[in-house]
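K.L.:
Show me the folded form of this:
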Amino acid sequence: QVQLVESGGGSVQAGGSLRLSCAASGRFFRVNAMGWYRQAPGKQRELVASISSGRNTNYADSVKGRFTIVRDNAKNTVYLQMNALKPEDTAVYHCHAVGVRVDQSRAFDVWGQGTLVTVSS
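P.N.:
Model (predicted):
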């Protein structure tokens, strides 16, 4: 069973910074892509940023230049550094990971429970 443990959400004023962390735990052969999605009230879940095992990154246009995603492959952990936060960044942020199960026979696709980020104006 693969689990994602998230931390780092909270409340901050506009212009502030937060860092989210997400660690994959359990038994698996390999973690491939990891990423962060967010869902604001009344809106669909959207991709914020993703990073491959080779550290290729992809960002939503709305966060480019403000957010940075990095990963520590040795710890199977992904981080999202969020700077210059805006009220419209307020959402529940969910970690996502895909990879290969421990027996190497199947892939896994898992989500974290989510962490709330609130940005006040």
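
K.L.:
Run through this protein and note the low-pLDDT ranges.
P.N.:
By pLDDT under 70, the chain has no low-scoring segment.

K.L.:
tell me the centre residue of it?
P.N.:
Nearest to the mean C-alpha position of the chain, counting by C-alpha atoms, centre = their mean, stands residue 36 at 2.6 Å.

K.L.:
Would you agree that one is in contact with residue 20?
P.N.:
Yes: at 6.6 Å, residue 36 counts as touching residue 20 under the criterion of C-beta atoms under 8 Å. Bear in mind the C-beta positions are built from the backbone N, C-alpha and C, glycine included.

K.L.:
Find the residues that touch each one of these two.
P.N.:
80, 93, 95 (C-beta atoms under 8 Å, 6 or more residues apart in numbering).

K.L.:
pretty sure the last one contacts residue 4?
P.N.:
When you say that, I think you mean residue 95. Yes: contact between residue 95 and residue 4 holds when scored by C-beta under 8 Å: they sit 4.7 Å apart.

K.L.:
Tell me which of these two has more neighbours.
P.N.:
Taking neighbours as other C-beta atoms under 10 Å, residue 95 and residue 4 compare with residue 95 leading, 26 against 22.

K.L.:
tell me which element that one falls in.
P.N.:
strand 91-101 (DSSP states H and E).

K.L.:
For that strand, name the packing helices and strands.
P.N.:
Counting contacts by 3 or more C-beta pairs under 8 Å, 6 or more residues apart in numbering; DSSP states H and E, strand 91-101 packs against strand 2-7, strand 18-26, strand 28-39, strand 77-82, strand 107-111, strand 115-120.
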